[in-house]
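Student: Make a model of this:
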Amino acid sequence: MSIKGWGVIFLIGSAISCSQKQNNKDIKDLVMTQLHNTHTNQEWFVPTNIALEGLTYEQAIWKDSIANHSIAELVSHITFWSEMNLRSFKNLKTTEQEIINDETFRTPSEKEWLQTLKRLDSIQRKWETSVKESNDIKLKDWSDEIVNMSAHTSYHTGQIVFIRKQNGWWK
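Tutor: Numbers count the residues shown, from 1 in each chain. A predicted model of the protein is given here:
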């Protein structure tokens, strides 16, 4: 093959490599945006840190008469699944027991409530750090799962805001 032929192959290979790097950067940016929006940045919807701000324990455990989940139960559920996914993302051991989703909606004691809020915030921060530090291959493999997890978190955060508005606990 001539030098000119090798030059064309090099240019095409470089263009493909640059395009893949740009796509991977775009994926990382998208995933990071979703994680920040569900945690701390209010864009199209309320993030968890704002939805839970100033909430008392009594408000957190309030339930309506038709047996919907309390805010505390929703926070426990979000925390459970965010942590399980994070452990899996980091290749850490996860529970070998069968997970019954309804059991993830648990009510912490008053003593546990502030710890539960701190734990959710910590897990969301760890997600942001883990994604930021992840390699392109891992992130590409996990991007759908992370974006779905963010949608799940925002869905339940919307329920939290609704409960607060319904009861006059929203600013």
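Student: Tell me which residue lies nearest the centroid of this structure.
Tutor: Closest to where the C-alpha atoms of the chain average out (Cα atoms, centre = their mean) is residue 150, at 4.0 Å.
Student: My guess is residue 59 contacts residue 160. True?
Tutor: No: between residue 59 and residue 160 there is no contact under Cβ atoms under 8 Å: 10.3 Å. Just so you know, the C-beta spots here come from the backbone N, C-alpha and C atoms, and that holds for glycine as well.
Student: okay, those two: which has more neighbours?
Tutor: residue 160 (23 against 15; other Cβ atoms under 10 Å).
Student: in which helix or strand would I find that one?
Tutor: Assigned by DSSP states H and E, residue 160 belongs to helix 136-166.
Student: try residue 169
Tutor: Remark: residue 169 resides in no helix or strand, with elements defined by DSSP H and E.
Student: phi, psi of it?
Tutor: phi -100, psi 10 (degrees, to the nearest 10).
Student: Not counting sequence-adjacent ones, nearest residue to it?
Tutor: Excluding the flanking residues, the one nearest residue 169 by Cβ to Cβ, 6 or more residues apart in numbering is residue 59, at 5.4 Å.
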